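Engineer: below is the structure, and that's it, no one-letter string:
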């Protein structure tokens, strides 16, 4: 049976950030930690070895597959910073158009540094993601 790899852990968020090799990425991780904490109202938790998540929701698919995921999250990876926002937000594309320098994946938004983006737009994306995930998964 499939086992979810991204699970909440007891690992230290601050210790993880301190071990980020790139100094700018480490500084940006602290800025994002403050931004996500302030915007979500949830404490930061490590999810798997490298994702910093805020809040959580429980999902269950028709296939029977289920698990828990953070409501909103980010990860200061080697090449760039991954921001995890709701891919189904109808205003996502419009907001991303106002964000600044970034690239996207299905649910990830990739940035090189926080200075490249509008943090007000980041906060809006965080708020919308948390709100939508709570509506979609009301037992959260």
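Structural biologist: That came through, no problem. Owing to the predicted nature of the structure, the values given are computational and were not obtained by experimental measurement. Numbering: from 1, shown residues only.
Engineer: check which residues of stretch 10-21 are buried.
Structural biologist: Applying a neighbour-count criterion of 16 or more other CB atoms under 10 Å, one finds 13, 16-17, 20 buried in stretch 10-21. In this view, the C-beta of every residue, glycine as well, is placed from N, C-alpha and C.
Engineer: correction: stretch 44-63
Structural biologist: 44-47, 51-57.
Engineer: out of those residues, which one sits closest to residue 139?
Structural biologist: When the buried residues of stretch 44-63 are compared for distance to residue 139 (CB to CB), residue 57 wins out at 8.0 Å.
Engineer: show me what contacts that closest one?
Structural biologist: Residue 57 makes contact with 68-69, 71, 133-134, 136-137, 139-140 under the criterion CB atoms under 8 Å, 6 or more residues apart in numbering.
Engineer: repeat for residue 51
Structural biologist: Residue 51 neighbours (CB under 8 Å, 6+ apart): 6, 70, 73-75, 82, 84.
Engineer: residue 84 pairs with what?
Structural biologist: Residue 84 has these beta-bridge partners by DSSP bridges: residue 73, residue 108.
Engineer: surely it and residue 73 touch.
Structural biologist: Yes: using CB atoms under 8 Å, residue 84 is in contact with residue 73, at 4.2 Å.
Engineer: neighbour count for these two, which is higher?
Structural biologist: Neighbour totals were compared for residue 84 and residue 73, and residue 73 leads with 27 against 24 (other CB atoms under 10 Å).
Engineer: so where do the strands sit in this structure?
Structural biologist: 44-47, 51-54, 57-60, 66-69, 72-76, 81-84, 103-104, 108-111 (DSSP state E).
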